[in-house]
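Trainee: fold the following for me, if possible:
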Amino acid sequence: MNEKLLERKLREAVKHAGGLALKWVSPGVTGVPDRIIILPGGKVKLVEVKSTGKKQSDRQVIMAGMLDKLGLPVAVIDSQETLNEFLKEI
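Mentor: Purely as a prediction, here's the structure:
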């Protein structure tokens, strides 16, 4: 599935759940996840969206490891199935 389509579906579902799916842009820092998901109750999730069959870059994997060590795991959404699994969690 196309990355843009998955990202749009994610944004719409998060909005429907009463949250925000903010684009993360961090000038000077590469590999940050695509979206910061902020949900009611102060829940925060980080998401990397990939087209089906595409893999994270080495820098994205390194950054995801750094964020995980800080207590913020990065969910990777690369198909309708992984999107559905993420949405069940939230």
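Trainee: this structure: strands as residue ranges?
Mentor: All strands of the chain, identified by DSSP state E, fall at 20-23, 35-39, 43-49, 74-77.
Trainee: can you list contacts of the first one?
Mentor: Applying CB atoms under 8 Å, 6 or more residues apart in numbering, the set of residues contacting strand 20-23 from outside is 10-11, 14-15, 34-38, 47. Just so you know, the C-beta spots here come from the backbone N, C-alpha and C atoms, and that holds for glycine as well.
Trainee: could you pull out the buried residues of that strand?
Mentor: Ala21 (16 or more other CB atoms under 10 Å).
Trainee: given it, what are its sheet partners and their directions?
Mentor: Next to strand 20-23 in the sheet, as set by DSSP bridges, lie strand 35-39 (antiparallel).
Trainee: neighbours around Ala13, how many?
Mentor: By the criterion of other CB atoms under 10 Å, Ala13 has 17 neighbours.
Trainee: hmm, Asn84 and it touching each other?
Mentor: No: using CB atoms under 8 Å, Ala13 is not in contact with Asn84; the gap is 9.4 Å.
Trainee: sorry, back to before: among the contacts of strand 20-23, which pair sits farthest apart?
Mentor: Maximum pairwise distance among the contacts of strand 20-23 (CB to CB): 15.8 Å, between Lys15 and Asp34.
Trainee: mind naming the longest helix for the chain?
Mentor: In the chain, taking DSSP state H as the definition, the longest helix is helix 3-16.
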